[in-house]
Structure formats: structure tokens, C-alpha cells
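>>> sequence unknown, structure follows:
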Ligand code: FES
Ligand code: FES
């Protein structure tokens, strides 16, 4: 099936929020703090503007609580007494003239009496820097099995390593934006977002309204990658507050520079491994510490940390594992959801560490993975027994074969011996990614899906899950046509609109196809049941039954429904972090071939192979596109995307100096799938959206290490860092 | 402050003669999107880095965020709205678009490459497309679509 959303996008006909024209609409804008931490003393409105012409909103205009509802309630909609980071929103303005508005924003000064900020998440805070609890720690987690200390003490070899990863900006090509208006007393926002019901929850609390008084509609969304998971709640509130005060529609669209500096980012991390191994490279103990910079507010850091620690031990079997994690406040822009959600950080450390252990023992990096990869019947760090029947060695072998790993390795040795300044290397990463919400998350979400049978014989799929480039509409359509024997044109995908669709959970965590898709299949069956049809009835029989039903029930609605029920055998102990962390894992091996230029200290990816087992591939082109896009984001994070901080704020908030990969920076990404259908996913699918973010950085950095003999443990591996690790190698010799 | 004078600026837009009344210092991108009702052209960065705003000026791709409307007087501007669906088949099939925000710009550069195969003597498709950032596809879907369209052009009489 061809991409349903494709042609409109190619023709420029897809109407994103900023493409909507609304009569008598004002533009909104945000005045922000220029100070990282302090008490707000005053807001000064400068000369030269007739401020009476502007709609001006501050925290006093909030009808409800000054809180952006999420896990915690620490983040204000608009800063009232204090600010905790540069670019925190303080005042909102609206005006019909966008140019005038831009100048007006510059003329408003937020006067702040500074207090001591903290920027280094690895240092314990001074008393004056404490802003949360008594240590600035938002969340602490621990996973433990076996006796790590004993195993470390007895082990023949212990390898230690410290790994750090930088912040990463999403750079979805469509910036954040919302349109808000009030209609028949209902506050309505339409805009770029992943999770309409998150936005609705936030609107209800801060506007002091009930469900039926706020309506949230997702506009076609130009990329999200997690950046439009929690952040849009704040913008939606800002637009709504302006619209309420103005009595007119308000469009609040971020410009690129504002979007880059003011929105959430991937969490920077500091991770330490102490690994006990025997001389053959068998893992005896993994002692891992994961620290995440959470930034100024809690956002989703506790759950990001959760995914980080659960993935930290990698796809390996080890009897003794201790993983300690914490997410720590700093006065940086809040870090939030970003594709991978903590797993890319901890898997970078894990997979880099595997190569370092191999090199310490002069073992083949493939060998050490082969030896330790989890086998069916063995347990993960949380004690989850893996029984999915996936041949993880086959995934590894396929990647080695496709990439000609061994051949390249030999050929590169010769190349490196003879070339004056280029060094080539090949590196790999084996990893896993848990699909869906962690632990009991899906149970708490209690997702619901409707499939409506319409009078004209079509069926309409109603979910709150959003299309932002992954092809959700195509996959949903395909699931319905396969299930009910209908043609694609007989399947309508409802616009995600909280007034019309049930809460089927957020579009995050690689859950949409696997979990929500599975519910769509069940709702299709329920629709058939309500028509008095058996599960084998399809196509025209169904269309005829629909028409008959509507003749007999004029004006009524026919809904097939489904609610999430956890698969059997899923038990999660949230207090001790034990049990089935995820219903399913996707498994992968990625191989990168890299060339380092010793004159310029740049690394270039020459070849990239991504092999994964993701249950069942529902749509080859879409699945491949997800992997390729994720890999290229991973290449950016590994080599190019150097997020620079100044006082906790992004100092390079422009595409001119925050560099993401162009087509010319990356090779073709060669993708292969192995299939092992997952019993509880739609048609056997497991989630894939985040997986490809995990593997590129370790594979690439391992390749750099192989090429140069250096020991890089920090990303992004920019030319400056490359120079210093190469110099450190010279010293070590 | 005296208001800058408004005047009529005439140019050919997607084959039609149009007149736009303005100071001439408006960005072509804004004029297309907000004044002339053609929102197909997107803004990704506003500073000439991303290519989402690519249009053809006298047949050559340019970033419309860097062009002032006064500069297009008596010239020919073509936007994504002028591209026929038949010209998009290969890009559609190959997975050249995901979220679609970069897509109108990608399409305009891609059409230029497809219509000027001689360019490939000096640069690869990958190099020619480097001015259009895409955060979703990883570029393979785009490159393959263009390569396929080039093959079709070659074999068609
Ligand atoms: S918007 Fe013009 S190049 Fe990015
Ligand atoms: S398709 Fe989303 S940026 Fe290219």
C-alpha cells in the first residue's frame, strides 16, 4: 500500500498549523527570562510602544493552577515569582502585526534578582544552589540482582569506564506552534503535537475547566521525535490564555531560533561502568551508575531515567548486576522526551564498554558479544526471563555478513598501514529496545480505541494517536483493510480531536503500531460482533450489514470498541524495579564503517548497516524509513550535533551553528529485518520508532576506536574531541 | 517614523501574471504564504540553512526566505503548488516524505535535478540535495526517488 499521507505532503497541500488561515487572528509571542535563576522583581515595558494596543498576559491571568500538568507539578505555565532557567516564559503578548510584535518582545524587560544557579549536574550542589528536596535529585532508581561486590572482588579482570553524552536538539523541521480560539465557551487549540490528551489535561488544570470545556485537535505535525510529547502543553496554554484575554483567535508559532533555545532537549548523561569479566570475556558483574542532567524542571525525567537504567546492562546475560540512576536538577533548559528516551545514552556507554573490555582482553569484539548475548530462558537485569524465541545470534550474523565486517576489518588494516593520513575502522553495537510504556505504564494508560461503522459502508478509526511522519494513517488503514477485507478508500482515519476520539494514549514509546494497532484489530472484531457477524466475515458482507444496521437504527452511531488489557505473564514491581519491564523487546545489531582524517580530525561514516528483529514488518517502506531516519539522527548525535551551553542556555541555537546531517554527510543506510511475530502486537509487530536511535553512536565510536587505536568515550565526537583523544593515545603509547 | 511607500510589484507566479502591493522588502516566503495564499512553501529556519522554503526563480532553486519580493519583479517564480502529481510518483513510492515539513523544498530541488541530468556529471544526487535538510527520512527515500525518476526520464522517449 502506498503512503496515504504521501501525496498531499509532496504537493504542499498538507495544512500544518501555520498554514491555517483564520479570520481576525492575532499573532502571539513569548517574553522570556534572560537569567538562569532568581526572583522576578519587575517586568518593564519599554518606551516607544502603545502597550494598550497589545494583549498582555502574565501569571495573574491564569484562571486555574499555574502548573503545566505532567508527572510533577513543579513547572509553571508562566513564571510568577522566580525563574529557574534562561528562556523561561514570563509574559505573553499578542498583536495583529507580527513585525511590530517581534520588536515589542525585545522591548519588554524581565528584571530578575539573581540567585546562585547550578549548571554542572555531576557536582553535588552547594547549599545555596539547592532547589529541589535537599540534594536537587528529582529521581533515584536502583536495579540489583546477585552479589555485585563479591563478584567484582573475586573477578580476574575488572574494566572501568566513564562515558558522557551531550544534549541533542530535536530539529523537527516544523517548529512548535498552536492556534487557539474560544467557540461557544469551549477553549479549542489546534496545533503541532504528539499527545492531544496530554495537552487537554494541562489545559483543564491551568484554565480550571472541565473536559467538555476544552478541546484539543492535532494539526498535521511536521516531526516530533519526542519534542512534541510534553512541550506543546505549555504553548497550547500560552495560546489559549492569549485567546481568552483577546477574545480573538491567536496563533503562536515559534521561529527556529526560539524553538531551539526554549524547548526541551535530549538529556545529557554521565555514565560509569565497572565490569567484572573472566579472561574469556564472560560477564561476571556489571556495576553501572547513570546520571542524567534533568534541567530546571522535572518534566519526564523520572521516566527517561527509568528507560535509561533498564537498558543500561544491554542485551546481555549477567548474574550480578547493579544499576543506580539519578536525574538531577540544574538551571539548564528542561530536558525532556527525545526518541530513545534515555536508552541511547545508556546503550552508548554499554556498547562502548563492551569494545573496551574486548580490547583489554585482546578479544574479538564480535566474540565477546556472541559469548554474552542473552539466550532464551536467561534473564535481563530486572529479572525478566526472555522467551521470545528470537535468534539474537542470527541478527548479529546477518549484520556481519551484510556489512562484510571481517573483510572490511582486514582490508582496513592494510589501508591504514599505507595511507599517510586517513584511518579506517569498522565497529558494531548489539542492543535491544523495549517497546511500549515501561512496566505498568500501559495498564495505567488504559487506552481505548473506537472503530465506527458508517452508514455509507465505510469504517472510521478513532484514536488519539498522531501522524507526524511515521505513517500512522497508512499503517492503521492497512490493519483495518486486512482485518475487515475492505479497500483503503473505505477506511477513514479520524482527525485526533479530543471531542471525537477516545484517549488511546500518547504517540510515544514506539507504542502506536504495536499497542494501539492491536486495539484497532480488536475494535474491528467488536464491530463485527455488534453486527452479528463472525470473525471470518469480511468485505461486501460487512458493508451490506453496515448499511442494513443503519437503516434499522437511523441516526444512531455504531461503534466497535477495545480497551487495553495486559498480556498474561506481565508483572512489574515498581518499588524494586523487578519483573517484566516491557511486553516485548526489539533486537538489533548495527555496523558502522568510518574514516578518520588525521589532518582535520573529522570522522566520516562510509557505510552503515542496520539489522533488526522487530516482530513483523507491516509496511516495508515505512519501516525502512523509520530506521534510516533514526540512524541519521544517531549519526548526528554521535559526530556533529555539538550542543553548546552558556549559563544553561543553548549558545548555538541556529541551524547555522548547530549542525545536523545533510544528505552529503551520510552514506546510504542499509537496512535489513528479521521477523519473529510478537503474539500481542498488531499482526505480530513490535515497536520500532526509537530503536534506530540506540545503535549508531556506539557503532560509530567503536569504529573510530578501531581505526585510530584511541579510546573516545564522549559524544559528540567533534574534531576538537577527536584531537584530544588522539593526543591522549599518543601519550599512552 | 514615515511609513515606507507601497507600490505594485509584478511577477509571474506559477505561470500567472500577478501584482503584489508592498514595499518590496517583504520576504518572498511570507508574501507567498501569508499574502498570496500559497502556504505550500514552508519555513524551516528563516536563515537559508534548511531549504524548506525552496522555490524556483527563473527556473533555478533559491531559498525564498532570503529573497525580498522586490528582487523578483518581472521574474518568474514557481512554487510546489505548480508541480503536477505525475511528477511526484517516484518520490511517493520511494518514501521521500515522512512528516512532510521539508518536502515542498525537497520536491523543488529534486525537480530541478531531475530536469537537469547534466548536473550529475559534476556532482552526485547526494551532493546536489545537501541544501535541503530532512530530519525524518535519513535521505535514502529522497535519493532513491530522484534516481528512479532520472531512470524513467532516460528511458522515456
Ligand atoms: S526557511 Fe529558508 S532555508 Fe530554511
Ligand atoms: S520528512 Fe520530515 S523533515 Fe523531511
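On my side now, so go ahead. Since we're looking at a predicted model, the values are computed, not measured. Ligands and ions are numbered 1, 2, ... in the order given.
>>> Tell me the residue of the stretch 51-200 of chain A that sits nearest ligand 2?
residue A:173 (3.7 Å; CB to the nearest ligand atom). Quick note: C-beta positions are derived from backbone N, CA and C, even for glycine.
>>> How about that residue: what's its closest non-neighbour residue?
In space, and not counting its chain neighbours, residue A:173 is closest to residue B:101: 3.6 Å by CB to CB, 6 or more residues apart in numbering or on different chains.
>>> residues near that neighbour, how many?
32 (other CB atoms under 10 Å in any protein chain shown).
>>> Residue B:151 belongs to a helix, doesn't it?
Yes - assessed by DSSP: H, G, I helix; E, B strand; the rest coil, residue B:151 belongs to a helix.
>>> and the helix or strand hosting residue A:201, how far from the chain's centre?
Assessed by DSSP states H and E, residue A:201 sits inside helix A:196-207. Chain-centre distance of helix A:196-207: 21 Å, with CA atoms, centre = their mean, to the nearest Å.
>>> That helix: what's the following helix or strand?
Heading C-terminal from helix A:196-207 (DSSP H and E), you reach strand A:214-218.
>>> between that following strand and helix A:196-207, how big is the angle?
150 degrees (axes from the mean of the first three to the mean of the last three CA atoms, to 10 degrees).
>>> List the contacts of strand A:214-218.
A:186-193, A:196-197, A:199-200, A:203-204, A:207, A:236, A:240, A:466, A:495-499 (CB atoms under 8 Å, 6 or more residues apart in numbering or on different chains).
>>> Rounded mean pLDDT for it, please.
The pLDDT scores in strand A:214-218 average 98.
>>> After that strand, heading C-terminal, what element do we hit next?
For strand A:214-218, the following helix or strand on the C-terminal side (DSSP H and E) is helix A:231-246.
>>> quick one: average confidence on that following helix?
The model assigns helix A:231-246 a mean pLDDT of 98.
>>> circling back to that earlier point, pull the contacting residues for the residue nearest to residue A:173.
Residue B:101 neighbours (CB under 8 Å, 6+ apart): A:16, A:172, A:173, A:174, A:222, A:223, B:42, B:44, B:52.
>>> Do you know the pLDDT at the last one?
Right, the one you point to is residue B:52. At residue B:52, pLDDT is 98.
>>> didn't it look like it was pressed against residue B:107?
No - shown here, residue B:52 and residue B:107 do not form a contact pair, counting by CB atoms under 8 Å, at 10.8 Å.
>>> where does chain A have its least confident helix or strand?
helix A:441-445 (a mean of 89; mean pLDDT, DSSP states H and E).
>>> sorry, back to before: so the residue nearest to residue A:173: helix, strand or coil?
coil.
>>> At the contact with ligand 2, which residues of chain A appear?
Contact residues, chain A versus ligand 2 (CB under 6 Å from any ligand atom): A:173, A:223, A:469.
>>> Am I right that the first one is in a strand?
Spelled out, that is residue A:173. No - secondary structure of residue A:173 (three-state DSSP): coil, not part of a strand.
>>> so how far is ligand 1 from it?
Going from residue A:173 to ligand 1 by CB to the nearest ligand atom, to the nearest Å gives 9 Å.
>>> for the second one, same thing?
Look at residue A:223 and ligand 1: by CB to the nearest ligand atom, they are 14 Å apart.
>>> need the contact list for that residue.
A:170, A:172, A:173, A:174, A:468, A:469, B:98, B:99, B:101, B:135, B:136.
>>> Which pair in these has the greatest spatial separation?
Within the contacts of residue A:223, A:170 and B:98 form the most distant pair, 14.0 Å apart (CB to CB).
>>> Let's see the PyMOL selection covering just the buried ones among the contacts of residue B:101.
Typed into PyMOL, the next command selects the buried ones out of these (criterion: 16 or more other CB atoms under 10 Å in any protein chain shown):
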select buried, (chain A and resi 16+172+173+174+222+223) or (chain B and resi 42+44+52)
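>>> From the contacts of residue B:101, pick the one nearest residue A:652.
Comparing the contacts of residue B:101 against residue A:652 with CB to CB places residue B:44 closest, at 16.9 Å.
>>> Might one say that the closest one is in contact with residue A:256?
Yes - judged on CB under 8 Å, residue B:44 makes contact with residue A:256 at a distance of 6.9 Å.
>>> Quick check: neighbours shared by those two?
What both residue B:44 and residue A:256 touch, as defined by CB under 8 Å, 6+ apart, is the set A:175, A:655.
>>> count of residues packed around the residue of the stretch 401-550 of chain A found nearest ligand 1?
Here the stretch 401-550 of chain A gets closest to ligand 1 at one residue, residue A:469, 17.9 Å apart by CB to the nearest ligand atom. By the criterion of other CB under 10 Å, residue A:469 has 32 neighbours.
>>> tell me the contacts of it?
A:221, A:222, A:223, A:224, A:629, B:98, B:99, B:100, B:136.
>>> Select, from those residues, the two members most distant in space.
Maximum distance among the contacts of residue A:469 (CB to CB): 14.8 Å, for A:221 and A:629.
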